[in-house]
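In: Fold the following, please.
(2 chains)
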Amino acid sequence: MSSHVPNSHPVSARAPGRTLAAWWQALPLTTVFALFFLVPLALVLMVSFWDYNQYEMHPDFTFKNYLAVFDGCISGDDLCVTFKTYLSTLKFSLLVWLLTLLIGFTVSYFLAFHVRSSGVQVVLFVLCTIPFWTSNVIRMIAWVPLLGRNGLVNDALVHLGVVDQPVEWLLFSSFSVVLAFVHLFSTFMIVPIFNSMMRIDRSLLEAAADSGATAWQTLWNVIVPLCRTGIIIGSIFVITIVMGDFVTIGVMGGQQIASVGKIIQVQTSYLQFPLAAANAVILLSVVLMIIWALTRMVDIRKEL
Amino acid sequence: MSDIIDSLDALAMQRRTVLKGTAGILAAGMFPSIHAAEPIVLRYLGTAVNQDKEIADKFKADTGIEIQYVAVTTDDVTKRAVTAPNSFDLIDTEYFSLKNIVPTGNLKGIDTKRIKNADKITSLFTTGTVAGKKVGDQGTAPKKTIYLEGEKSKVFAKSPTQFMSLIPTVYNADTLGIRPDLIKRPITSWAELLNPEFKGKAAILNIPSIGIMDAAMVVEAMGIYKYPDKGNMTKKEIDLTIKTLIEAKKQGQFRSLWKDFNESVNLMASGEVVIQSMWSPAVTAVRTKGIACTFQPLKEGYRAWASGFGLPATLSGKKLDGAYEFINWFLDGWAGAYLNRQGYYSAVLDTAKAKMEAYEWAYWMEGKPAAQDIKSPHGDLLAKKGEVRDGGSYEARMGGIACWNAVMDENAYMVQKWNEFVAA
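Out: From the prediction side, this is the model:
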């Protein structure tokens, strides 16, 4: 608007958010957010301070649930369950983040700079979304005949004489969990990074080449900084999903690897809602801190 | 051309049926009032295991009342009964869950005067006996929770009354499932689950309240400790049981834990696991794939479970009458025979017997060799002529019950410790 008629509406052009119409336009989304996000969140926070027994919870203001979460964390010699679980979940987040970043960046780079025809680009891009064509659980169960004790990979390894015994750590292990996560979530990295790359002005690359920069120097000093927004958005997607996941870790880890989400799920199914709420509040704070740290690195609003 | 159109039509029909089914499930949860003026529709909340389409179809054909299944997991049935008691007209839940549901007052006592076959319900539920002999009653045995003090009671009655909390539907006794072709030797004790011989090839189920009972059976069988009541452990006993599990887990005993019926079938069928806690229909499912799998009777006995129909406290009028009609119909034999043919046991044995062939009854209930091929209600071959059912007759199996699925007084502590086991 403002570029077409720069002088006729100077006030609204300078501060578009101040008009009544703008408030009305923001209202629907605000209402949805308030009703389905803020209110439930406030309820979770409230319930986390309630007391409960086997079959009901009563309004109260007690720190009991938070104390229960950190039971044995200060005094114990061993690491307590909560710390151990967070450590394991953080470990997965870090590994998956590194791998999806590496893969996502490489794939996006190839799509954006090496594929010339935009038709091929679209086809290849759609190919990246194939993992989302089937349900989460089916996709994961499909790994069993591949990685299992009598699975394809083990059969091949034994036949080739690489190993005598089937390799056990291929399935129901940290390895398989990370593998499934990377398989599932690389797309979340590819999409925003690809988007950032497509918006890079190609003349910048020519300028870099003309100035005598090597391919690596161009990559590191031009492309990576300009993809920062995409990288951060992808990272937020991947890290928040992995931090809260319990299905993938459950199925691929043979239900033997703890995750914060799993603990919350078990507690809700045993009607320990206040305890689950306390756990959820703690998980939320941890994730928010990570996101806060990430957004310190780049001002997403400014860059978008 | 017309062939193509026909098959397209058929496809469209099929899709429409699927859509209708989905819509039914959604509507059951969300728009109960729409049906108020129409013929009676009962929303049946339970686990998918008991919700057969054939049963609903047959009931509708017999009475005109429609059953809408609302399928959720065992834990979620309890959760909904406690948190959303008006989202169903009929609940199919386990007796052990009653300890959590009844104190909320969300269920009403079922008037046994309105249940035709009430006095024929098997003695296992009413007095805890099979063929006159007492069976194990550790844990939440049905006889402890089946009677309520009144229609609007929140407490269990100590002795039989006119009001039942749940009218039993199906029950069974669980044990370990094994792959005899991969183990190649007889298995006779629960202790084998933690035998290092099966390192990396064992599994236990990850539903805390049931898994802990299996673990307790193992601890007793290994001679580590004898529980006064496995179904109601003290904190110390829970610590001991979980410690045993954690040690085994750290040694790499478990290939996996499972929570879902299909997971257990997968683990067993793929050979990832050769010995694990298992449910009877899961063993059947492995067998129908042509893979050898035994529901192995063990000398320490079985861990039993039982479920039944309950009525929400607010149910009234035509819907209440319809629910009573369904329960009466269910005990009348057709449904009982249907369930017996799947390897479960029905609540009223006499009526079911009348609807089964003599050779079927002999195989399923009397532990006799099959006089001819035994088929499931869906027509799958379950046992060839001459085979005998695992665990033998009704009396041998039900008489061998050692304990029941349970909710302990220290439930919260137990769940916390179980999470520790999963995290270890």
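In: Within the sheet, what are the partner strands of the helix or strand containing residue B:255, with directions?
Out: Taking DSSP states H and E as the definition, residue B:255 sits inside strand B:254-258. Strand pairing for strand B:254-258, using DSSP bridges, gives strand B:202-205 (parallel).
In: Next secondary structure element downstream of the strand it pairs with?
Out: Per DSSP H and E, the first helix or strand lying C-terminal to strand B:202-205 is helix B:208-221.
In: check whether that next one contacts chain A.
Out: Yes. Residues of helix B:208-221 contacting chain A under CB under 8 Å from any CB of the partner chain: B:208-209. Bear in mind the C-beta positions are built from the backbone N, C-alpha and C, glycine included.
In: And that helix, what's buried?
Out: B:208-221 (16 or more other CB atoms under 10 Å in any protein chain shown).
In: just stretch A:295-304 next, same as before
Out: In stretch A:295-304, counting by 16+ other CB under 10 Å, buried: residue A:298.
In: show me the contacts for whichever residue of the stretch 101-250 of chain B sits closest to chain A.
Out: Across the stretch 101-250 of chain B, no residue is closer to chain A than residue B:206, which sits at 4.6 Å (CB to the nearest CB). By CB atoms under 8 Å, 6 or more residues apart in numbering or on different chains, residue B:206 lies in contact with A:255, B:257-259, B:422.
In: beta partners of the closest residue to chain A within the stretch 201-350 of chain B?
Out: Closest contact between the stretch 201-350 of chain B and chain A, by CB to the nearest CB, is at residue B:256 (3.1 Å). Counting by DSSP bridges, residue B:256 is bridged to residue B:203.
In: Mind jotting down where the strands sit in the stretch 101-250 of chain B?
Out: Here the stretch 101-250 of chain B has its strands, by DSSP state E, counting those that start in this stretch, at B:107-108, B:110-111, B:129-130, B:133-134, B:147-148, B:163-164, B:167-178, B:202-205.
In: counting contacts, what elements does the longest one pack onto?
Out: Secondary-structure packing of strand B:167-178 (3 or more CB pairs under 8 Å, 6 or more residues apart in numbering or on different chains; DSSP states H and E): helix B:123-126, strand B:275-278, helix B:280-288, strand B:294-296, strand B:302-312, helix B:317-330, strand B:345-346.
In: Each with direction, which strands does the fifth one pair with?
Out: In this case it means strand B:302-312. Partners of strand B:302-312 in the sheet, by DSSP bridges, are strand B:90-94 (antiparallel), strand B:107-108 (antiparallel), strand B:167-178 (antiparallel), strand B:401-404 (parallel).
In: possible to save these as JSON lines with mean pLDDT, distance to residue A:124 and mean neighbour count?
Out: Formatted as JSON lines, the entries for these read as follows, by pLDDT from 0 to 100; distance: least, CB to CB, whole Å; neighbours: other CB atoms under 10 Å in any protein chain shown:
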{"stretch": "strand B:90-94", "mean pLDDT": "94", "distance to residue A:124": "50", "mean neighbour count": "25"}
{"stretch": "strand B:107-108", "mean pLDDT": "93", "distance to residue A:124": "58", "mean neighbour count": "22"}
{"stretch": "strand B:167-178", "mean pLDDT": "93", "distance to residue A:124": "46", "mean neighbour count": "24"}
{"stretch": "strand B:401-404", "mean pLDDT": "94", "distance to residue A:124": "58", "mean neighbour count": "26"}
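In: looking at those, which is closest to residue B:158?
Out: Residue B:158 lies closest, by CB to CB, to one member of those: strand B:401-404, at 17.6 Å.
In: next one: that closest one to chain centre, how far?
Out: In terms of CA atoms, centre = their mean, to the nearest Å, the centre of strand B:401-404 is found 14 Å from the chain centre.
In: Can I get that strand in CSV? Just the C-alpha atoms.
Out: Extracted C-alpha coordinates of strand B:401-404, given in CSV (Å, rounded to 0.1, in the frame of the first residue of the first chain):
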residue,chain,number,x,y,z
ILE,B,401,-5.2,-68.3,38.6
ALA,B,402,-2.5,-66.9,40.9
CYS,B,403,-3.4,-63.2,40.9
TRP,B,404,-5.5,-60.5,39.2
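In: what packs against the next helix or strand after it?
Out: Where DSSP H and E defines the elements, the next helix or strand beyond strand B:401-404 is helix B:411-423. Applying 3+ CB pairs under 8 Å, 6+ apart, one finds that helix B:411-423 contacts helix A:81-109, helix A:260-269, helix B:208-221, helix B:235-250.
In: how about the residues of chain A near chain B?
Out: A:54-56, A:68, A:71, A:81, A:84-85, A:88, A:141, A:144-145, A:148-150, A:168, A:171-172, A:250-251, A:254-258, A:262-263, A:266-272, A:275.
In: what angle do the strand holding residue B:255 and helix B:411-423 make?
Out: 140 degrees (axes from the mean of the first three to the mean of the last three CA atoms, to 10 degrees).
In: Just the pLDDT for residue 244.
Out: Defaulting to chain A. If you check residue A:244, the pLDDT there is 91.
In: that's the wrong chain, I wanted chain B
Out: Per-residue pLDDT puts residue B:244 at 95.
In: what's the answer for residue A:137, then?
Out: 68.
In: Same question for residue A:253.
Out: So residue A:253 comes in at 87 (pLDDT).
In: Which helix or which strand is home to the nearest residue to it once chain neighbours are set aside?
Out: Closest residue to residue A:253 apart from its sequence neighbours, by CB to CB, 6 or more residues apart in numbering or on different chains: residue A:177 at 4.9 Å. If you go by DSSP H and E, residue A:177 is part of helix A:174-198.
In: Ends of stretch B:136-154, what's the gap?
Out: End-to-end span of stretch B:136-154 (CA to CA, to the nearest Å): 26 Å.
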